[in-house]
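Colleague: here is my input, please return the structure:
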Amino acid sequence: MLESPVFQGGAAPTLQRAEGDGRVTTKSRDGLSVLDTLYQSGCGKIRVPRAYGNWLEAVLINTSGGLTGGDKMGWSAQAAAETRLVVTTQACERIYRSSGGAARVDSRLTIEAGARLDWLPQETIVFDGSALDRTLDVDMAADATFLGLEAVILGREAHGEEALSASISDSWRVWRGGTLIHAESARIDAGDMMARNNSALLNGARAYGTLCYVAKDAERHIEKLKTLVGNFPTAGVSRIGDKIVLRATGRSGYQLRKIIMPAIAALSGAGAVPKLWSL
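Modeller: Numbering: from 1, shown residues only. I've put the predicted structure just below:
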């Protein structure tokens, strides 16, 4: 019978960590948005499916199958002047139980003059005992358009898991024409998870998300969004100048999607969410 390995001083060996990096940029050619540059390394991959509209779609893929403590992912997307880029993910990202440290995901978006970038990853599923540190930085021109979403599902619904010992740190920074117009930092640790039935926290919700829209035509959309979320007591939407922020919670990922997907469709200009959301 094989004996279990004994580590000197009781210290376990350093485990291999997943690291990935992906970058994509667009350019305008004959009035169409086309691929300019694409870079990928490690477990970070990007695919560009054929599109039939005036935009380029980029699909982010983590080939490691998920992230755990010490793993690092970095994404960068740039929409050149007068182009449109839609960024989504192949599937929901998964954050697994950590043996130490947090999984880190850093995303940076650049939107040039007259361009539009839709940042629409599918939900992140947070497992019990996991830790996630995530940042989203957006640098957009004064006349650019940005639609962004970050959504989280706490635990594996089919397993009845509630992720009561998970830890999540989320940070958004949106700069428009050199001015910081949106900044938020949210943290939920294990203590908050245990108390999340409190109405001042998640009120028992298993899923939550934030949708942000920044554009010169924001005022034109606000009433329609209020109508869309009006039947959902766990959702709210507000506008300040050219910025709309929609926040929603749900008892399940499906319930959250019932709120988020119509809002995305209303703001997308194409009347739909990315096709991969429906597969």
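Colleague: regarding Val245, what is its secondary structure?
Modeller: With DSSP: H, G, I helix; E, B strand; the rest coil as the basis, Val245 sits in strand.
Colleague: just grab the bridge partners of the residue nearest to it when sequence neighbours are not counted for me.
Modeller: Once flanking residues are discounted, Val245 sits nearest to Cys212: 5.4 Å by Cβ to Cβ, 6 or more residues apart in numbering. Just so you know, the C-beta spots here come from the backbone N, C-alpha and C atoms, and that holds for glycine as well. Cys212 has these beta-bridge partners by DSSP bridges: Gly148, Val245.
Colleague: doesn't Phe146 make contact with Cys212?
Modeller: Yes. Here Cys212 reaches Phe146: they are 7.2 Å apart, a contact under Cβ atoms under 8 Å.
Colleague: what is in contact with those two at once?
Modeller: Counting by Cβ atoms under 8 Å, 6 or more residues apart in numbering, the contacts common to Cys212 and Phe146 are Val174.
Colleague: what's the helix or strand bottoming out on mean pLDDT in the chain packed up against?
Modeller: When each helix and strand of the chain is scored by mean pLDDT, DSSP states H and E, helix 190-194 comes last, with a mean of 71. If you count contacts as 3 or more Cβ pairs under 8 Å, 6 or more residues apart in numbering; DSSP states H and E, helix 190-194 packs onto no helix or strand.
Colleague: that one: which residues count as buried?
Modeller: By neighbour count on 16 or more other Cβ atoms under 10 Å, the buried set for helix 190-194 is 192-193.
Colleague: just stretch 183-199 next, same as before
Modeller: Applying 16+ other Cβ under 10 Å to stretch 183-199 flags 188, 192-193, 196 as buried.
Colleague: repeat that for stretch 209-217.
Modeller: Quick answer for stretch 209-217 (16+ other Cβ under 10 Å): 209-215.
Colleague: which two of those have the greatest separation?
Modeller: Maximum pairwise distance among the buried residues of stretch 209-217 (Cβ to Cβ): 19.4 Å, between Gly209 and Ala215.
Colleague: related to what we said a few turns ago, got a list of what the residue nearest to Val245 touches?
Modeller: 146-149, 172, 174, 182, 243-246.
Colleague: mind putting those in CSV, distance to Leu256, pLDDT and neighbour count included?
Modeller: Formatted as CSV, the contacts of Cys212 follow (distance: Cβ to Cβ, whole Å; pLDDT from 0 to 100; neighbours: other Cβ atoms under 10 Å):
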residue, distance to Leu256, pLDDT, neighbour count
Phe146, 21, 99, 24
Leu147, 17, 98, 21
Gly148, 16, 98, 22
Leu149, 11, 98, 23
Trp172, 18, 97, 19
Val174, 22, 99, 22
His182, 21, 98, 17
Lys243, 22, 98, 17
Ile244, 18, 98, 22
Val245, 16, 98, 17
Leu246, 11, 98, 25
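Colleague: between those, which is nearest Leu132?
Modeller: Trp172 (14.3 Å).
Colleague: what's next to the longest helix anywhere in the chain, contact-wise?
Modeller: The longest helix of the chain (DSSP state H) is helix 253-268. Contacts to helix 253-268, defined as Cβ under 8 Å, 6+ apart, come from residues 118, 120, 123, 125, 147, 149, 151, 153, 157, 206-209, 211, 213, 221, 224-225, 228-229, 232, 234-235, 237, 244, 246, 248-250, 271-273, 277.
Colleague: fine, thanks again, bye for now.
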